[in-house]
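Colleague: Provided below are the primary sequence and the corresponding predicted coordinates.
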Amino acid sequence: MVRQCVLRCLLDSHAPISLPHKVETVVGRSKITKIKDQACSRNQLSLTADCELCLVEIKQLGINPSGLDGFALKKDSAYNIKHGSKVEILLNQYFHVVEFDPPPDDSEERRTSLKRKLNDSQDSDSKKKLPKTELVNMSVQECSENKWEDIENGEVYIYTAKGVRSSPKIAAFDMDGTLIKTKSGKVHPVDTNDWQILFPCVSQKVAEKHSDGFKIVLLSNQSPIGSGRVKIEEFKKKIEGVVAKLNIPAQVYIATGKGFYRKPSTGMWNVLAELKNDDLPIDMDKSFYVGDAAGRAANWAPGKKKDHSMADILLTKNLGLTFYTPEQFFLGHSITNVPMTLPEFNPRDVKSTPFNERLLSSEQELLVLVGYPGSGKSFIAKQIEEKSRHKYVTVCRDILGSWQKCSAEAIKLLQQGKSVIVDSTNPDLESRGRWTSLAKEKGLQCRCAKMATSKAHAQHNNKFREIMKIKHGIVNDIVFNTYKSKFVEPTVKEGFKEVLEVKFNPDFEDEQAEKLYKMYLLEK
Ligand SMILES: Nc1ncnc2c1ncn2[C@@H]1O[C@H](COP(=O)(O)OP(=O)(O)OP(=O)(O)O)[C@@H](O)[C@H]1O
């Protein structure tokens with residue numbers, strides 16, 4: 001059989017480049033490699049394969065250094081490289097691998113020896129080989145068999161493979177897009193068999209951490225299980241398959257719902273820290289997390305789309321844990337050079353502002369609230385009721401069901417001499433006009449209180465409400481976008497005596513609630 005040789009992009013940014021037998025191929029900045037970086041010459045690297053000897057002669061032609069297995073090449077010097085060598089078209093960037101097909105025999109040998117090494121690290125006398133610091137934890141037992149557990153009626157499933165041992169050092173990984181990718185090439189797997197290991201070096205790198213005494217943990221969001229689209233029994237087989245393929249004892253956490261256990265909320269990590277680490281405190285400085293939902297902008301590598309979410313990096317911000325992308329951890333990409341954007345709203349920045357006393361008027365009135373769902377209207381309405389000793393009473397569309405019912409209730413209350421707070425979103429002239437007209441008809445003043453809460457902040461509140469299981473219908477993104485598109489800034493010209501702005505003033509039931517509120521809860 002004739003042996004072929006290719007230069008394969010480890011990020012699949014482009015199709016493999018064929019390296020024909022004894023023909024020089026020059027690669028660099030081009031449409032083929034999708035590299036646009038001016039630092040990379042058009043003629044950056046010369047590669048000549050010898051398919052009989054299974055060697056590739058590589059020479060850097062460009063001015064800036066290229067890399068080979070993490071080392072800089074010297075310009076114009078020739079190196080002979082083998083099957084599996086990692087070529088960086090520019091040092092630390094644009095990772096490729098040289099592959100012969102069929103592979104040479106010695107690479108088979110290398111693979112077998114790696115497998116042997118992994119098996120060795122799991123056998124019973126592996127304790128002897130552990131570094132000194134790990135001996136402290138010898139009282140912690142290895143898990144003796146593969147087992148499944150679940151928490152809160154399947155909100156989280158936990159798989160612990162035989163051989164897992166608790167440790168103060170946690171090496172945590174996201175699963176999809178970090179350890180595995182789809183076989184189908186689709187973003188989401190078409191079924192539970194649609195997976196393959198992401199990079200050839202994944203098992204080896206994870207195994208290195210395992211032999212360094214880290215507990216290997218996978219944290220995966222899998223809401224299709226919660227929604228019933230994926231059957232948990234089938235999914236369990238996938239998890240067992242992935243862990244078996246990695247060939248390393250690992251503990252896997254699967255969040256099936258949309259609440260506290262779903263990343264970026266820290267629920268799964270809390271279960272690990274509080275229940276599943278044999279009371280060993282986790283050393284947050286030594287532990288780390290690898291995930292692909294990192295908020296990277298489009299083209300973070302040639303042809304790469306923007307990350308679908310920030311759930312992984314935000315989880316680590318919530319926990320104060322070191323974060324790596326899969327490319328940084330597995331392929332050695334530079335740690336600093338990735339353009340990432342964090343969300344515009346950081347819940348830690350929410351500051352206290354005193355209650356605006358001007359919200360209370362000595363005159364009977366209609367006070368029309370304006371704001372996104374979740375902007376805190378009901379919260380402020382309750383405060384006004386209490387501070388006014390119930391001279392103000394709220395009519396709330398969420399409770400009464402329609403503006404007509406709110407209007408009928410408001411008329412009754414006004415007749416009783418009460419002031420009325422209108423608690424609905426009221427984004428536009430039409431919705432607010434109903435109330436200014438009613439006030440005019442009754443000869444009363446009408447004022448507007450506009451919530452200063454931004455869309456992102458309101459969405460955060462909405463998620464907080466969902467996680468805290470505060471009774472309220474689910475508000476989806478469409479509702480927020482509709483509000484935004486309908487919104488017209490309220491002014492006195494509409495018939496308001498005054499338009500006040502209400503700054504969000506955080507006030508929590510207890511410390512736990514405050515701690516949760518100050519976390520990133522949204523995935524983007
Ligand atoms: N001042 C506050 N301090 C702390 N948490 C708050 C505050 N205001 C609101 N929240 C939280 O945000 C969530 C949403 O607030 P609230 O229900 O008042 O908003 P809303 O504008 O009335 O929403 P909707 O229009 O969807 O009913 C609340 O359930 C609460 O958890």
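Modeller: That came in fine, so what should we check first?
Colleague: which residues in the stretch 301-450 of the chain form helices?
Modeller: Per DSSP state H, counting those that start in this stretch, the stretch 301-450 of the chain carries helices over the ranges 311-319, 326-331, 377-387, 397-400, 403-415, 429-442.
Colleague: actually, the stretch 1-150 of the chain.
Modeller: So, for the stretch 1-150 of the chain - with DSSP H, counting those that start in this stretch - the helices run 105-122, 126-129.
Colleague: from the ligand, how far off is Ile216?
Modeller: Ile216 is 36 Å from the ligand, where distance means C-beta to the nearest ligand atom, to the nearest Å. Glycine gets a C-beta too; all of them are placed from N, C-alpha and C.
Colleague: so where is the chain shaky, pLDDT-wise?
Modeller: Along the chain, the model assigns pLDDT under 70 to residues 1, 106-139, 336-339.
Colleague: which strands and helices sit next to the top strand by length along the chain?
Modeller: Under DSSP state E, the strand in the chain containing the largest number of residues is strand 93-101. Judged by 3 or more C-beta pairs under 8 Å, 6 or more residues apart in numbering; DSSP states H and E, strand 93-101 is in contact with strand 4-9, strand 45-50, strand 86-90.
Colleague: buried ones in it?
Modeller: Residues of strand 93-101 classed as buried: 93-100 (neighbour count, 16 or more other C-beta atoms under 10 Å).
Colleague: what angle separates it from strand 86-90?
Modeller: If you take axes from the mean of the first three to the mean of the last three C-alpha atoms, to 10 degrees, strand 93-101 sits at 140 degrees to strand 86-90.
Colleague: and the contacts of strand 93-101?
Modeller: For strand 93-101, contacts defined as C-beta atoms under 8 Å, 6 or more residues apart in numbering pick out 3-11, 16, 19, 33, 35, 37, 40, 47, 49, 51, 54, 56, 81-89, 107, 200, 301-302, 327, 331-334.
Colleague: would you show me how to pick out the buried ones of those residues in ChimeraX?
Modeller: Buried residues within these, by 16+ other C-beta under 10 Å, are selected in ChimeraX with:
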select :3,4,5,6,7,8,9,10,11,16,19,33,35,40,47,49,51,54,56,81,82,83,84,85,86,87,88,89,107,301,302,327,331,332,333
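Colleague: give me the subset of the contacts of strand 93-101 touching the ligand.
Modeller: Checked against the ligand using C-beta under 6 Å from any ligand atom, the contacts of strand 93-101 yield no neighbours at all.
Colleague: and of the buried residues of strand 93-101, the nearest to Glu386?
Modeller: Using C-beta to C-beta, Gln93 is the member of those that lies nearest Glu386, at 59.7 Å.
Colleague: so what's the backbone phi/psi at the nearest residue to Ile313 once chain neighbours are set aside?
Modeller: Closest residue to Ile313 apart from its sequence neighbours, by C-beta to C-beta, 6 or more residues apart in numbering: Ala294 at 4.7 Å. Backbone torsions of Ala294, given as degrees, to the nearest 10, read phi -120, psi 0.
Colleague: what separates Thr160 from the ligand, distance-wise?
Modeller: Distance from Thr160 to the ligand, by C-beta to the nearest ligand atom: 35 Å.
Colleague: that residue: how many residues sit nearby?
Modeller: 18 (other C-beta atoms under 10 Å).
Colleague: mind listing the residues bridging to it?
Modeller: Thr160 forms beta bridges with Lys147, Gln251, as assigned by DSSP bridges.
Colleague: for the stretch 101-250 of the chain, what spans make up the strands?
Modeller: Secondary structure of the stretch 101-250 of the chain (DSSP state E, counting those that start in this stretch): strands at 147-151, 156-160, 170-173, 180-181, 196-197, 215-221, 250-255.
Colleague: who does the fifth one pair up with?
Modeller: What it means is strand 196-197. Short version: by DSSP bridges, strand 196-197 pairs with strand 180-181 (antiparallel).
Colleague: neighbouring contacts of the strand it pairs with?
Modeller: In contact with strand 180-181 (C-beta under 8 Å, 6+ apart) are residues 195-198, 242.
Colleague: which single one of the residues you listed is nearest to the ligand?
Modeller: Of all the contacts of strand 180-181, the ligand sits closest to Val242, with 37.2 Å by C-beta to the nearest ligand atom.
Colleague: without its sequence neighbours, what residue ends up closest to the closest one?
Modeller: Ile180 is the one closest to Val242 (C-beta to C-beta, 6+ apart), at 6.0 Å.
Colleague: the one you found and Gln204, how far apart?
Modeller: 15 Å (C-beta to C-beta, to the nearest Å).
Colleague: enumerate every residue touching the residue in the stretch 101-250 of the chain that the ligand sits nearest to.
Modeller: Nearest to the ligand, among the residues of the stretch 101-250 of the chain, is Glu155, at 20.1 Å (C-beta to the nearest ligand atom). With contact taken as C-beta under 8 Å, 6+ apart, Glu155 is in contact with 226, 255-257, 259, 261.
Colleague: can you tell me how far Leu315 sits from Leu321?
Modeller: In terms of C-beta to C-beta, Leu315 sits 8 Å off from Leu321.
Colleague: ok, those two, which is more surrounded?
Modeller: Leu315 (28 against 18).
Colleague: wait, the more buried one sits on Asn270?
Modeller: No. If you go by C-beta atoms under 8 Å, Leu315 and Asn270 don't touch, sitting 11.4 Å apart.
Colleague: now Val190: closest residue in space, sequence neighbours ignored.
Modeller: Ser184 (5.2 Å).
Colleague: doesn't Asp194 make contact with the one you found?
Modeller: Yes. Using C-beta under 8 Å, Ser184 is in contact with Asp194, at 5.1 Å.
Colleague: ok, now which ones touch the closest residue to Ile158 other than its chain neighbours?
Modeller: The shortest distance from Ile158 to any non-neighbouring residue, by C-beta to C-beta, 6+ apart, is to Glu149 (4.8 Å). Counting by C-beta under 8 Å, 6+ apart, Glu149 touches 157-158, 160.
Colleague: residue of the stretch 401-524 of the chain nearest the ligand, please.
Modeller: For the stretch 401-524 of the chain, C-beta to the nearest ligand atom, closest residue to the ligand: Asn461, 3.3 Å.
Colleague: mind checking the SS state of that residue?
Modeller: Recorded secondary structure, Asn461: helix (DSSP: H, G, I helix; E, B strand; the rest coil).
Colleague: what's the neighbour count on it?
Modeller: If you count neighbours by other C-beta under 10 Å, Asn461 ends up with 24.
Colleague: correct me, but it touches Lys377?
Modeller: No. Counting by C-beta under 8 Å, Lys377 is not a contact partner of Asn461; they are 10.4 Å apart.
Colleague: from what I can see Phe235 touches Thr192, true?
Modeller: Yes. If you go by C-beta under 8 Å, Phe235 and Thr192 touch, sitting 5.8 Å apart.
Colleague: so which of the helices of the stretch 301-450 of the chain is the most surrounded?
Modeller: helix 311-319 (a mean of 24; mean count of other C-beta atoms under 10 Å).
Colleague: who in this structure is up against the ligand?
Modeller: Applying C-beta under 6 Å from any ligand atom, we find that the chain lies next to the ligand at 371, 373-379, 398, 425, 461, 464-465, 468, 470, 475, 504-508.
Colleague: weed out the non-buried ones from the residues you listed.
Modeller: Neighbour counting by 16+ other C-beta under 10 Å classes 371, 373-379, 425, 461, 464-465, 475, 504-506 among these as buried.
Colleague: restricting to C-alpha, output stretch 314-321 in CSV.
Modeller: Output of stretch 314-321 as CSV, limited to C-alpha atoms (Å, rounded to 0.1, in the frame of the first residue of the first chain):
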residue,chain,number,x,y,z
LEU,A,314,-17.8,32.5,34.1
LEU,A,315,-18.0,29.4,36.3
THR,A,316,-14.3,29.9,37.1
LYS,A,317,-14.8,33.7,37.7
ASN,A,318,-17.6,32.7,40.2
LEU,A,319,-15.3,30.2,41.9
GLY,A,320,-12.0,32.1,41.7
LEU,A,321,-10.4,29.2,39.8
